[in-house]
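**Q** coords please:
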Amino acid sequence: MEDLAPETKVKIYHLILSRYKEHIEKHERSSLSELRQMITPYNDFIKSLRDKIIEDLQPYSYEKHFFSAVQKVTEYIRSIKNIKLDIVFWMSFEELDSLKAGPLIDQAIFLTSLLRSLGSNDTKVYISFLGKIYVGFSWNNTHYLINPESGSLLSGSDAENAFVEDHLRYVFNDLSFESLEE
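**A** The predicted structure is shown next:
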């Protein structure tokens, strides 16, 4: 396959993936409860990345430095391109970092793990009925939402109004899970 044009290789890989889509999805499909378990603030890769992010905030104190760290994490998540796959396929934190690309839900799980590792116990993934995905947390009595799609940070009333028309469906992290379906 070495002497094939890149476009032909891509078509062959697409054919293979299409043929085995059901098999792949069967093994990749996760319940929302299982998604919770993918949020791992104590993962070695997450801890290593956290340490890089806060290296100039030493000694790190949640009360003093968390919001500065959030700004660095938000900048980092902007470097990861959003992709929509035709099949259900989960990417590890290392794969997201290496490829600088991944599905929004994987980015949200990654972001939640990273913010949880920085000391925010209330950081959670928020999924709306229309499938919008955010990562939310509170700090200094203000609620914030990070949109992993754009890397934007909403605060206060902007964060609170994000789900006025498109209501929340699920809210979760590694410590809790809420289904808001009626």
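**Q** Looking at Leu4 now. What's its pLDDT?
**A** On pLDDT, Leu4 comes in at 68.
**Q** Next one: His143 from Arg36, what distance?
**A** When CB to CB, to the nearest Å is applied, the distance between His143 and Arg36 equals 21 Å. From N, CA and C alone the C-beta is placed, and that goes for glycine too.
**Q** Neighbour count: the two, which is higher?
**A** Comparing His143 with Arg36 by neighbour count (other CB atoms under 10 Å), the higher total belongs to Arg36, at 20 against 17.
**Q** Report the secondary structure state of that one.
**A** Arg36 carries the three-state label helix when classified by DSSP: H, G, I helix; E, B strand; the rest coil.
**Q** With adjacent residues omitted, what lies nearest to it?
**A** Leaving out its chain neighbours, the residue that sits closest to Arg36 by CB to CB, 6 or more residues apart in numbering is Phe172, at 5.1 Å.
**Q** again, but for Tyr62
**A** Once its chain neighbours are removed from consideration, Tyr62 has its nearest residue in Gly119; the separation is 3.8 Å (CB to CB, 6+ apart).
**Q** for the longest helix anywhere in the chain, packing partners?
**A** Determined from DSSP state H, the single longest helix within the chain is helix 62-78. Here helix 62-78 touches helix 44-53, helix 104-117, strand 133-139, strand 142-147, strand 152-155, going by 3 or more CB pairs under 8 Å, 6 or more residues apart in numbering; DSSP states H and E.
**Q** So for that helix, what gets flagged as buried?
**A** Judged by neighbour count (16 or more other CB atoms under 10 Å), helix 62-78 contains these buried residues: His65, Phe66, Ala69, Val70, Lys72, Val73, Thr74, Tyr76, Ile77.
**Q** show me the contacts for the closest residue to the fourth one other than its chain neighbours.
**A** Put plainly, it is Val70. Using CB to CB, 6+ apart and skipping the chain neighbours, the partner closest in space to Val70 is Leu115 (6.8 Å). Applying CB atoms under 8 Å, 6 or more residues apart in numbering, one finds that Leu115 lies in contact with Val70, Val73, Thr123, Val135, Phe137.
**Q** Now do Gly102: how many residues are near it, please.
**A** 24.
**Q** Phi and psi next, for it.
**A** The main-chain torsion angles of Gly102 are listed as degrees, to the nearest 10 and equal phi 180, psi 170.
**Q** Helix, strand, or coil at the residue found closest to it once you drop the neighbours it is linked to in the chain?
**A** Across the structure, with CB to CB, 6+ apart as the measure, the residue nearest Gly102 apart from its sequence neighbours is Leu96 (4.3 Å). Three-state call for Leu96 (three-state DSSP): helix.
**Q** Right, I'll leave it there.
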